[in-house]
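Asks: coordinates only, no sequence provided:
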């Protein structure tokens, strides 16, 4: 681009200064606070180019890079980086820049000299509030404007070149600020256009190429063949060659797309508000912010994004709608020249409580209900197919059950339950494995019920039950019984493995306490998970209150998972209350532990003496099962008291090594079967 250095003086014989009058608050609220992403800032500069009749806008910036970084002491490390947005629009002369560009907050559409349509192409202009020029202050402190415009002279187009420096602008409040001129000011160029150059960045980051392209694509409608946005990576142009921003391509579920062209919005006063676009359900849940929800446009630029048209929580299909609803809505009436300003300044939301906003909300609610109905079955089929493939349940059912009827029931159950699975969770192998195991465990019982129903039909129909049907019935009953035992075995193996992991990793006692509440049979194999009876709940609540009143301290007794670390775990066994006290592996019982234990024993004795009704629930009173690796008691009285309690079986001690060995020994049959099954599974999958 050729440049001439002939200055242009005003009639008064001196150059008009570039002056900006703006309050510190305006800069802060409309620049720094509203725009904190590079893509949002660049989009505002692109919009200016569109309004200036540009056909091409070039964005040059360092993709996938930090613009500046913040140190621990709060200081900022700046880099010699630049973001540049260049357009081939009609540009500005110095006078136009002073009269129009540097007037912040001026509605250009109501200005006769500018108007609501672009100068040559008569495009409905995107700008309205006159604050987009402040957007760059959300990511940088210096903006350089270089613009060539006006009528072509014999020397070319006159250039305006000046700087907006944040620190200079906010020095004084509400005073005119003379801006620094650039070296190209009042020179000439051979073609019109504007370049905005940003530098002196805040600690912000430019995302990678794909993300940045998506972010820009989501902000504009690319229906105009005479308008292109081209992104160039100034940091690594070889890895990211120059590329035009293309419309977003969102994969949707077949037969869920609703055209909006014949679905107008009706305002409260009966006015018909035309819209265009579409709604649909996405094939996958939202993977990125740009493709999430419905994008609402006016004048070819985004004005809002919504996932549910501001519906209150609790509507039918809420999770699916908020996770899968996508679309594009074109509503020009949201940004009328002479209408109420309904758009937030950052163009990321509209005023939903306005008359038009309420109408759009109601319209959206009706469409959500409709699309929810037509998308229900396709979504279930998609989830079902994904679960069946991921779980491989058909093969597993045939391997586990020799009875083909039970295997078929398992497959049908897989299809039914799989269609209601949490789609995102299907990426979690543990979730899929657990759900598969539940289905395989339930299948024999469902098959047994169906066999009983068939057997009952034979009898009620007056037929004599055949030997075959009776054998089939009893066979399924036996398999169902085996499945129940198998599930118990699986749960016990998991608990023993978890215990082994906790002990060997020397976790704290809270993890062990919580495990014991779920699997009390680890302490004694005769114990089962029937501990949450009413008597136990009553004891827990009453004793905690009693201990607080007696000592002023709190005690937490666990019969289930407790948010607070429990002091004891309670288990009911016959007529005796078992109080399980756990110390972390490798911990020795010291005098402080012993003193606390004896205080609890005294409290238990006094409690039972003062609460005869609860005592009747546990006629054999209580026993403290103490799991600790050793003793380190230096006070003789503590040693004697502990020995006395152990002799009377009030306290029964066990160390972690023996405890783990006993639990493993008691369940070795289950563990052996599990190991053999795993070995066989590995062999079959090779």
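Replies: Here it is on my side, so go on. What you see is a predicted model; the values in this text were computed from it and never measured. Residues are numbered from 1 along each chain as shown.

Asks: who touches the nearest residue to residue 332 once chain neighbours are set aside in this structure?
Replies: Distances taken as CB to CB, 6 or more residues apart in numbering place residue 298 nearest to residue 332, at 5.4 Å, with adjacent residues excluded. Every C-beta, even on glycine, is put in place using the N, C-alpha and C of the backbone. When contacts are counted by CB atoms under 8 Å, 6 or more residues apart in numbering, residue 298 touches 330-335, 343.

Asks: run through the bridge partners of residue 298.
Replies: Applying DSSP bridges to residue 298 yields these beta-bridge partners: residue 301.

Asks: what comes up buried for the top strand by length along the chain?
Replies: If you go by DSSP state E, the chain has its longest strand at strand 140-153. Residues 140-150 are the ones in strand 140-153 that count as buried (16 or more other CB atoms under 10 Å).

Asks: rewinding a little: where does the residue nearest to residue 332 land on pLDDT?
Replies: Looking at residue 298, its pLDDT reads 88.

Asks: counting by contacts, list what the longest strand of the chain packs against.
Replies: The elements that strand 140-153 packs onto, with contact taken as 3 or more CB pairs under 8 Å, 6 or more residues apart in numbering; DSSP states H and E, are strand 156-165, helix 166-169, strand 188-189, strand 193-201.

Asks: need the ones you listed in a markdown table with mean neighbour count, can you?
Replies: Formatted as a markdown table, the helices and strands packed on strand 140-153 follow (neighbours: other CB atoms under 10 Å):
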| stretch | mean neighbour count |
| --- | --- |
| strand 156-165 | 23 |
| helix 166-169 | 16 |
| strand 188-189 | 20 |
| strand 193-201 | 22 |
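
Asks: how far away is residue 138 from residue 551?
Replies: Distance of residue 138 to residue 551, computed by CB to CB, to the nearest Å: 58 Å.

Asks: more neighbours, those two?
Replies: The neighbour count for residue 138 versus residue 551, taken as other CB atoms under 10 Å, is higher for residue 138 (21 against 13).

Asks: from memory that one sits against residue 41, does it?
Replies: Yes. Applying CB atoms under 8 Å, one finds residue 138 in contact with residue 41, separated by 5.9 Å.

Asks: name the residues contacting each of those two.
Replies: In contact with both residue 138 and residue 41: residue 35, using CB under 8 Å, 6+ apart.

Asks: now for the chain, the helix or strand with the poorest mean pLDDT.
Replies: Within the chain, confidence by mean pLDDT, DSSP states H and E is lowest for helix 668-685 among all helices and strands, at a mean of 49.

Asks: sorry, back to before: just the buried residues of strand 140-153 now: which is nearest residue 423?
Replies: For the buried residues of strand 140-153, the closest approach to residue 423 (CB to CB) belongs to residue 140, at 41.0 Å.

Asks: residues in contact with that closest one?
Replies: Residue 140 makes contacts with 67, 83, 166, 198-202, as judged by CB under 8 Å, 6+ apart.

Asks: show me which of those has the smallest pLDDT value.
Replies: residue 166 (87).

Asks: strands along the stretch 51-200 of the chain, start to end?
Replies: With DSSP state E, counting those that start in this stretch, the ranges of strands along the stretch 51-200 of the chain come out as 56-61, 65-66, 68-70, 76-78, 83-87, 140-153, 156-165, 176-178, 188-189, 193-201.

Asks: nearest to residue 281, of those?
Replies: Closest approach to residue 281 among the strands of the stretch 51-200 of the chain is made by strand 56-61 (32.7 Å; CB to CB).

Asks: ok, the closest one: who's next to it in the sheet?
Replies: Note on strand 56-61: by DSSP bridges, its sheet partners are strand 83-87 (antiparallel), strand 228-233 (parallel).

Asks: need the contact partners of the first one.
Replies: Read that as strand 83-87. Contacts for strand 83-87 (CB under 8 Å, 6+ apart): 38, 41-42, 45-46, 48-49, 52, 54, 56-62, 67, 140, 193-199, 206, 234.

Asks: try stretch 412-429
Replies: Outside stretch 412-429, the residues that touch it by CB under 8 Å, 6+ apart are 285, 323, 379-384, 386-388, 390-391, 393-394, 397, 431-432, 435-436, 438-439, 442-443, 446.

Asks: one more time with 10 Å
Replies: Contacts of stretch 412-429 with the rest of the structure, by CB atoms under 10 Å, 6 or more residues apart in numbering, involve 284-285, 319-320, 323-324, 377, 379-394, 396-397, 431-432, 434-436, 438-440, 442-443, 446-447.
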